[in-house]
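Engineer: Here is a sequence with its predicted model. Questions after.
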Amino acid sequence: MSVRVRFAPSPTGPLHIGGVRTALYNYLYAKKNNGTFILRIEDTDQERYVKEAENYIVNSLRWLGIEPDEGPGIVERHGPYRQSERKELYINNIKIILSSEKAYMAFDTPDELQALRKEAELRGETFTYNWKNRQGLRNSLSLSKEACESLVKNKTPYVVRFKTHTSGEEENITLQDTVRGEITVDKSLLDDKILLKQDGMPTYHFANIVDDHLMEITHVIRGEEWLPSMPLHVLLYKAFGWVAPVFAHVPLILKPSGKGKLSKRDGDALGFPVFPLNWGKATLGFKEAGYIPEALINYLALLGWSPGGEKELFTMDELIRSFSLNNITKSGGRFDPERCKWFNQQYAHLLPIPELVHLLKEVLTTKNLNENTVSLEVVSGLIRNRITLLTDLWDEASLFFEAPKSYDEKAVKKQWKEETPLILSGVVEVLQKSERTSADALGKEVKEWAENKGVRIGALMAPLRLALVGSMRGPDVFEICNAIGKKESVARINTALTKLKR
């Protein structure tokens, strides 16, 4: 059977990067094995449903390059792929499991159950609806067939519960998890989970295993928070006589401190995103914060999985070739914002010049600036190795498009000496007469002039940068001169000579 995996988020809000990593691992495993990656929207929780969340999930995966092979509106071989549209399938399977007597109808009211919980608390115990007490409660196991039919006919609310364990059965069940290994659970301690709610909608657990079976899922790769649900899911597969998929529960992404699961609150407190895209007006996403999707993918892949060796930078194709469920770690991966930035920096330095040119054009358009004043290719080449996030692009490029409106006071105090106006006036004369067409040639000409005039290079370079940029930042000053052109360079120097007169 070919590999079929799924990413099944709930549309209750933005997609957390923990969910992104789960989607990524599913995608990598599918592609590694020439399988199918499915997107399924688990929207049975209508109370928490957020209308915009599904589009957000789809757009996030698309931005990251994690494209589903099947999903809502894509290829619907086993559709529909929204659980809210699959109710009939769940009802049919509820009837099957009821008829097999592996599940039962429970008519207990919330008030009755709450009273039982309080009684148990007074005894220092915890109430659990299971094999020990189900015969004494109000359900189809304790009531006559006629009584149940009457309750149903009168539209008495009820839920359907799973008969998790029966007295006399083997108590222990052994589970196999690719990441965690062998796990033994005493199923006599488990409660009889609700499969169908009073509103007629299935619970997550029931819908999950029905969908996985009908969609022919071969491997369930999901977060370790679902590990406690694994015994129930395996027992449900057994109850239906279905073959269970291979399970792999991946570790959590931890806070930067390493203590506890990473949350939006951590990002807000330390100033980094935890969602792929902006969510509303207040929550910044990785895309809008200036991250490159390939860099984020690379970092997340290594946050809980190790390919072995010293290599750190992987393309998506390389990740696919290297990926293995056996190399997923058991311990949680600590999210390090600076490390994530480092990956982005490495990818930023490898960006093709045409791509940077395109990004610069977009920035200039938003700022209503003329892109024809300088060569965007030249500027891109000069700033590429100076950016960490794409939001740094304008910070590094602005000096080529806007003359300084002010000058760094500390730099002026330190670098602008009594002889500076005379030196820079001489540089202006050299620039006006120069026919040089490269930064190196121009720099050589100005330095030769300085040597002939007995001008120290240090007394020339710092004030020249200050005049051109307004501060001590930016690439080589002669690269700046060459990029902005002789006319603009002379104009900036003359402006500085006027504004910084002592």
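Structural biologist: Looks like it arrived, so ask away.

Engineer: which outside residues touch the helix or strand bottoming out on mean pLDDT in the chain?
Structural biologist: Least confident element among the helices and strands of the chain, by mean pLDDT, DSSP states H and E: helix 264-270 (a mean of 91). Residues outside helix 264-270 that contact it (CB atoms under 8 Å, 6 or more residues apart in numbering): 16, 255, 256, 273, 274, 275, 283, 335, 337. Backbone N, C-alpha and C define where each C-beta goes, glycine included.

Engineer: from those residues, which single one is nearest residue 491?
Structural biologist: For those, the closest approach to residue 491 (CB to CB) belongs to residue 273, at 40.6 Å.

Engineer: Tell me how far residue 379 lies from residue 289.
Structural biologist: 23 Å (CB to CB, to the nearest Å).

Engineer: Now do the phi/psi pair for residue 26.
Structural biologist: phi -60, psi -40 (degrees, to the nearest 10).

Engineer: Show me the beta-bridge partners of the residue nearest to it when sequence neighbours are not counted.
Structural biologist: Nearest residue to residue 26, sequence neighbours excluded (CB to CB, 6 or more residues apart in numbering): residue 5, at 4.3 Å. Counting by DSSP bridges, residue 5 is bridged to residue 37.

Engineer: Tell me how many other residues surround residue 5.
Structural biologist: Neighbour count of residue 5, defined by other CB atoms under 10 Å: 28.

Engineer: Just the strands from the protein, written as ranges.
Structural biologist: 4-7, 36-39, 103-106, 159-162, 172-177, 181-186, 194-196, 219-223, 246-250, 253-254, 333-334 (DSSP state E).

Engineer: Just name the most buried of these.
Structural biologist: Greatest average neighbour count among the strands of the chain goes to strand 4-7 (a mean of 26), per mean count of other CB atoms under 10 Å.

Engineer: what residues does it touch?
Structural biologist: 19, 22-23, 26-27, 29-30, 35-40, 61, 68, 211-212, 215-221.

Engineer: Count the residues that sit near the residue lying closest to residue 349 once chain neighbours are set aside.
Structural biologist: Spatial nearest neighbour of residue 349, chain neighbours left out: residue 385 (5.2 Å); criterion: CB to CB, 6+ apart. A count of neighbours around residue 385, defined by other CB under 10 Å, yields 12.

Engineer: related to what we said a few turns ago, same drill for residue 379 and residue 289, tell me which one is more crowded.
Structural biologist: Neighbours per residue, other CB under 10 Å: of residue 379 and residue 289, the larger number sits with residue 379, 26 against 18.

Engineer: pLDDT score assigned to the more buried one?
Structural biologist: Predicted confidence (pLDDT) for residue 379: 96.

Engineer: ok, now which ones touch it?
Structural biologist: Per CB under 8 Å, 6+ apart, neighbours of residue 379: 360, 397, 400, 483.

Engineer: what does residue 194 give?
Structural biologist: With CB under 8 Å, 6+ apart, residue 194 has these contacts: 106, 159, 160, 161, 162, 203.

Engineer: what does residue 120 give?
Structural biologist: By CB under 8 Å, 6+ apart, the contact list for residue 120 reads 126, 127.

Engineer: what about residue 474, distance to residue 383?
Structural biologist: 9 Å.

Engineer: go on, residue 50?
Structural biologist: Taken as CB to CB, the span from residue 50 to residue 383 is 39 Å.

Engineer: Just want to know which of those two has more residues nearby.
Structural biologist: Per other CB under 10 Å, whichever of residue 50 and residue 383 has more neighbours is residue 383, with 23 against 14.

Engineer: Can you name the residues that contact the more buried one?
Structural biologist: 356, 393, 396, 397, 475.

Engineer: now with 6 Å?
Structural biologist: By CB atoms under 6 Å, 6 or more residues apart in numbering, the contact list for residue 383 reads 396, 397.
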